[in-house]
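> build me a structure from this.
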Amino acid sequence: MSVRAGWAGVVLLSVPLGTALAQTADPPSDEATLQQKLDEQEQRLKVLERKLEIQDENAAANASNPVVKSDTKGFSLGTPDGANVIKFRANLAVDGRWFGDQQTPQTADTFLFRRVRPYIEGTVGKIYDFRLMPDFAGGRSIVLDAYINGKFKPWFNVQVGKFKGPVGLERLQPDQYNRFLELGFPSSLVPNRDLGVQVAGEWGGGVLNYAVGYFDGTTDGASTDANATPDVDNDGKKDVEARLFANPFANSENFYLRGFGIGIGGTHVNSTGSATSTLLASYRTPGQQSFFAYRSGATATFADGNRDRWTPQVYYYLGRFGFIGEYVESSQEVSRQVSPAVRRSDKLQNSAWQASLSWFLTGEDAAYASFTPNSNFEIGKPGWGAWEVAVRYHELKIDDAAFAGGADSFADPNTAARRARAAGIGINWYLNQNIKWMLDYERTRFDGGAAAGDRPDEKALLTRFSLVF
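Purely as a prediction, here's the structure:
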């Protein structure tokens, strides 16, 4: 056999042998490829898992970081989901009073702090609102508001603490939306801030609102911080206070009716005072000068039986126009310590009413508890803020029976007026949503209140610079 023939045989034999070897090696090659792919998929899953872990870590980190906000309603800190929020706010009012009459003492012409109220409010767990508001005006420190409100359903809220009683229309209006520096005479007969528990809510998106509460009780126009011991019940008796208010056209397509609201409120308690703790109120003019008080001292007049209040109320807002009307009647059984006996009486019924009109000269839409200036006032920039004019007539009448009985009367006709009737005009300049300047002129006439007849008219020029946010 030649060498060439030998190599040819080797080649011929190598072809099938190579094929056989290749066929034998294929399965190991496929397993390696599969394993490689499995390893790659496993690596990708680990990378994806890590990315998801990082996202969860970032979400947890972000959830613990507060959301800080600042707007016309104040400054706030909250969680990203809005479940927990705390807001920092303030209400500051600096007043000036000047009197052009012979009755008011010269010392009443003064500047003063009317409100100094830094406060916090917020929400916990999406449901529970709270507010803590002290007041440092007038050289004193008091707790004005301190409450928790559970908003369980739109028609079922439970509020506990100290807050405005659910009675007076103008009294319940937020301070920044009052059209005059001082509230009208009807607010002198309804409770201010009271300590207790209240159930309230609304139906139909605000068409009907209700509130009913059980409170320590206050004298006319007062808060519990004015009690003999501040924020402590005077006599252990509790006031029932309630209000029903309707905005029957709140969801109407009729633009002329949507701003109409009407309601009624009232209170009831059986209150018993004494010569040293009378549980009776005195009443003040728009210039905050006392014009009526019951007899005091060792032979003082004091509350001695049922006290009932009721107040029909209405408002109407259309475009730049606003109106508030309110009537209040407060009846109280009283007695007087006339040594050695006690003089008793049927109920004395004091009443008050007001009608107040307002008009935005700069065209803003008026509302009971909200509005936005069309422009802000800043020197060097266009816009003069919002300008508004307001007029008001209001009066308070004391029951004639309070002056009957001569020397044994429940009130002294020589110092206490039978009636006060006030007419006022005001100009309000809203520099922006938070800052307002007010200028009021009020003239108050009296029936009685002086030894020689009628007390002289009070002529008061009042101004206020306020900041609310």
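> residues contacting residue 426?
Residue 426 makes contacts with 179-181, 389-392, 438-441, as judged by C-beta atoms under 8 Å, 6 or more residues apart in numbering. Using the backbone N, CA and C atoms, a C-beta is placed for each residue, glycine as well.
> now do it, the pLDDT please.
We have a pLDDT of 98 for residue 426.
> could you do the one 4 residues further on as well?
The predicted local confidence for residue 430 comes out at a pLDDT of 98.
> I'd say it and residue 384 touch.
No. Contact criterion C-beta atoms under 8 Å: residue 430 and residue 384 do not qualify, at 10.0 Å.
> could you find the closest non-adjacent residue to the most centrally placed residue in the chain?
In the chain, the centroid-proximal residue (C-alpha atoms, centre = their mean) is residue 174; its distance is 5.4 Å. Nearest residue to residue 174, sequence neighbours excluded (C-beta to C-beta, 6 or more residues apart in numbering): residue 369, at 5.5 Å.
> what's near enough to touch that neighbour?
Contacts of residue 369 by C-beta under 8 Å, 6+ apart are 173-174, 177.
> how about residue 159?
Per C-beta under 8 Å, 6+ apart, neighbours of residue 159: 147-150, 197-200, 213.
> okay, and for this structure, where does confidence drop off?
For the chain, the stretches with pLDDT under 70 are 1-29, 57-64.
> quick one: the helices in it?
3-63, 169-172 (DSSP state H).
> residue 325: neighbouring residues, count only.
17 (other C-beta atoms under 10 Å).
> separation between it and residue 389?
18 Å (C-beta to C-beta, to the nearest Å).
> ditto for residue 215
37 Å.
> now residue 328
26 Å.
> what is the burial count for residue 120?
Around residue 120 there are 14 residues (other C-beta under 10 Å).
> is residue 156 in contact with residue 198, as I believe?
No. The criterion here is C-beta under 8 Å, and residue 156 misses it with residue 198 at 11.6 Å.
> out of the two, which sits in the busier spot?
residue 198 (24 against 12).
> the more buried one reaches residue 158, doesn't it?
Yes. Residue 198 lies in contact with residue 158 (C-beta under 8 Å); the separation is 7.4 Å.
> for this structure, what's the longest strand?
strand 341-360 (DSSP state E).
> just the buried residues of that strand, please?
Neighbour counts over strand 341-360 (16 or more other C-beta atoms under 10 Å) mark 345, 347-354, 356-358, 360 as buried.
> ok, stretch 312-328 next?
312-317, 320, 322-328.
> so can I have JSON lines of those residues showing distance to residue 281?
Shown next, in JSON lines, are the buried residues of stretch 312-328 (distance: C-beta to C-beta, whole Å):
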{"residue": "312", "distance to residue 281": "21"}
{"residue": "313", "distance to residue 281": "20"}
{"residue": "314", "distance to residue 281": "25"}
{"residue": "315", "distance to residue 281": "25"}
{"residue": "316", "distance to residue 281": "30"}
{"residue": "317", "distance to residue 281": "31"}
{"residue": "320", "distance to residue 281": "36"}
{"residue": "322", "distance to residue 281": "29"}
{"residue": "323", "distance to residue 281": "28"}
{"residue": "324", "distance to residue 281": "22"}
{"residue": "325", "distance to residue 281": "23"}
{"residue": "326", "distance to residue 281": "18"}
{"residue": "327", "distance to residue 281": "18"}
{"residue": "328", "distance to residue 281": "13"}
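> can you tell me which of those is nearest residue 299?
For the buried residues of stretch 312-328, the closest approach to residue 299 (C-beta to C-beta) belongs to residue 328, at 28.9 Å.
> what bridges to that closest one?
Note on residue 328: beta-bridge partners by DSSP bridges are residue 352.
> ok, residue 305 next?
residue 271.
> so it touches residue 333, yeah?
Yes. With contact defined as C-beta under 8 Å, residue 305 counts as touching residue 333 (2.8 Å).
> now do the shared contacts for those two.
residue 347.
> what sits against the closest residue to residue 448 other than its chain neighbours?
Leaving aside its sequence neighbours, residue 448 sits nearest to residue 418 (C-beta to C-beta, 6+ apart; 4.2 Å). Neighbour list for residue 418: 397-398, 400, 403, 446-449 [criterion: C-beta under 8 Å, 6+ apart].
> before we move on, back to that, buried ones among the contacts of residue 426?
Judged by 16+ other C-beta under 10 Å, buried ones among the contacts of residue 426: 179-181, 390, 392, 438, 440-441.
> from the residues you listed, which two are the most distant?
Farthest pair in those, by C-beta to C-beta: 179 and 441, 13.7 Å.
> residue 257 versus residue 316, what's the distance?
For residue 316 relative to residue 257 (C-beta to C-beta), the value is 9 Å.
> would you mind measuring from the residue lying closest to residue 412 once chain neighbours are set aside to residue 414?
Spatial nearest neighbour of residue 412, chain neighbours left out: residue 295 (5.9 Å); criterion: C-beta to C-beta, 6+ apart. Residue 295 sits 11 Å away from residue 414 when distances are taken as C-beta to C-beta.
> of the two, who's got more company?
residue 295 (23 against 11).
> for residue 125, see how far away that one is.
Taking C-beta to C-beta, one finds residue 295 at 52 Å from residue 125.
> and residue 424, by the same measure?
Distance from residue 424 to residue 125, by C-beta to C-beta: 45 Å.
> can you get me a residue count around residue 113?
14.
> find the nearest non-adjacent residue to it, please.
Here the residue nearest residue 113, using C-beta to C-beta, 6+ apart, is residue 137, at 4.3 Å.
> ok, the nearest residue to residue 300 once chain neighbours are set aside - contacts?
Distances taken as C-beta to C-beta, 6+ apart place residue 275 nearest to residue 300, at 4.3 Å, with adjacent residues excluded. Each residue near residue 275 by C-beta under 8 Å, 6+ apart is listed here: 297-300, 302, 337.
> nice, that's everything, thank you.
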